[in-house]
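In: Structure of the sequence below:
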Amino acid sequence: MKFSIWPHLSGRFTDLVDICLKAEASGWDGIWVADHFMPNTGDQTTTSGPTSEAWTTLSAIAALVPRVRIGTLVTGNTYRNPAVLAKMAAEVDVISNGRLVLGLGAGWQENEHLSYGIEFATVGGRLARLRESIQIIRSLLDKEYTNFSGKYYEITNAPLSPKPVQSRLPILVGGGGEKVTLKITALFADEWNVWGSPEVLKQKGHILDQHCEAIDRDPGEIRRSAQALFFLSKDTAAVKRAKENATDRLIAGTPDEIVEVIGQYANAGVNELIVPNFNMGDTDKVNETYDFWMHDVLSQLS
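Out: Coordinates of the predicted model:
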């Protein structure tokens, strides 16, 4: 299994680079960033708060941080024309010398759509757009010219050059919708990501397998990743208190307990575990916590 970090984009860029460089040097395998324009309020209201743009930030990480895979978790499909996004992704893959994963989702945060004047369609409408976009992006990345005429997008004799460094730049689909999102994943994705516990990954992974079997695709062709917020501590009393608030997205444990959880993720078919830093505190604490993971958890798995 691979292990990656997910730093938030609400701090200073210099701190972000510091976190990424130290994680790379200590042995983490990947760096993922979210794609948003403002903090989420959970409704149509807006609030001001630092929120760095994902793709410009990712291009800088590609240039400054060596070795690790990098990607978006995930790009909101509604925010950019798919042909333009394909061009952006190809260039970041060139900058990184072939380390990019293009994570893509239907888009869900309502307040930034409304504030920025971006159409916020129904869930079905956004998923239909995602399905068309993936086909356009895949064709542009792989073929010399692309023509596509769909309900939402149309491009004509469109080139994309330079091509990515990777012979097949991986497209990751993020989301756990069992009827549509996982079907889109089975049809078009190289990788799949969803939030949740090992139990969630096992259950949804089984449904993804069924979608693959329905189209005669080998489910093993799709790499699987997951993330949750983790509370990691050697203080058993603190872990016990944290477990009282545990959910499918919040997992608490001692280093030995988290090692057991990682084994459960592996048994659920997860190839990569991603650890967000959203609940870790300031930059020094983030670096300290990621080192704690590396020395007290991940070292037990080598």
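In: Going by neighbour count, list what's buried in stretch 169-178.
Out: Neighbour-count burial for stretch 169-178, counted by 16 or more other Cβ atoms under 10 Å, picks out Leu169, Pro170, Ile171, Leu172, Val173, Gly174, Gly175, Gly176, Gly177. From N, CA and C alone the C-beta is placed, and that goes for glycine too.
In: which regions of the stretch 1-150 of the chain lie under the pLDDT threshold?
Out: The stretch 1-150 of the chain contains no residues with pLDDT under 70.
In: now the helices for it?
Out: In the stretch 1-150 of the chain, the helices defined using DSSP state H, counting those that start in this stretch lie at 13-26, 54-64, 82-95, 110-116, 123-142.
In: quick revisit: TSV please, covering the buried residues of stretch 169-178 and showing distance to Gly125, secondary structure and pLDDT.
Out: Below are those laid out as TSV (distance: Cβ to Cβ, whole Å; DSSP: H, G, I helix; E, B strand; the rest coil; pLDDT from 0 to 100):
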residue	distance to Gly125	secondary structure	pLDDT
Leu169	27	coil	98
Pro170	26	coil	98
Ile171	21	strand	98
Leu172	22	strand	99
Val173	17	strand	98
Gly174	18	strand	98
Gly175	15	coil	97
Gly176	19	coil	97
Gly177	14	coil	98
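In: For Asn245, state which of the residues you listed is nearest.
Out: Asn245 has its nearest neighbour among those in Gly176, at 21.6 Å by Cβ to Cβ.
In: what separates that closest one from Leu182, distance-wise?
Out: 7 Å (Cβ to Cβ, to the nearest Å).
In: and what of Ala34?
Out: According to Cβ to Cβ, Ala34 and Leu182 sit 21 Å apart.
In: give me the element Arg224 is part of.
Out: Here Arg224 sits within strand 223-227, counting by DSSP states H and E.
In: Of the helices of the stretch 1-150 of the chain, which is nearest Leu187?
Out: Closest among those, using Cβ to Cβ: helix 123-142, at 7.8 Å.
In: in that closest one, what counts as buried?
Out: Quick answer for helix 123-142 (16+ other Cβ under 10 Å): 126-141.
In: Next: stretch 23-42.
Out: Taking 16+ other Cβ under 10 Å as the neighbour-count basis, stretch 23-42 is seen to contain the buried residues 23-24, 28-40.
In: distance between it and the chain's centre?
Out: Centre-to-centre, stretch 23-42 and its host chain are 8 Å apart (Cα atoms, centre = their mean, to the nearest Å).
In: For Glu221, give its distance to Phe188.
Out: In this view, Glu221 and Phe188 are 11 Å apart by Cβ to Cβ.
In: Also Arg217?
Out: Counting by Cβ to Cβ, the gap from Arg217 to Phe188 is 10 Å.
In: Mind checking which of those two has more residues around it?
Out: Each of Arg217 and Phe188 has its neighbours counted (other Cβ atoms under 10 Å); Phe188 has more, 17 against 14.
In: ok, now which ones touch the more buried one?
Out: Contacts for Phe188 (Cβ atoms under 8 Å, 6 or more residues apart in numbering) come out as Arg131, Ile134, Gln135, Arg138, Ile171, Val173.
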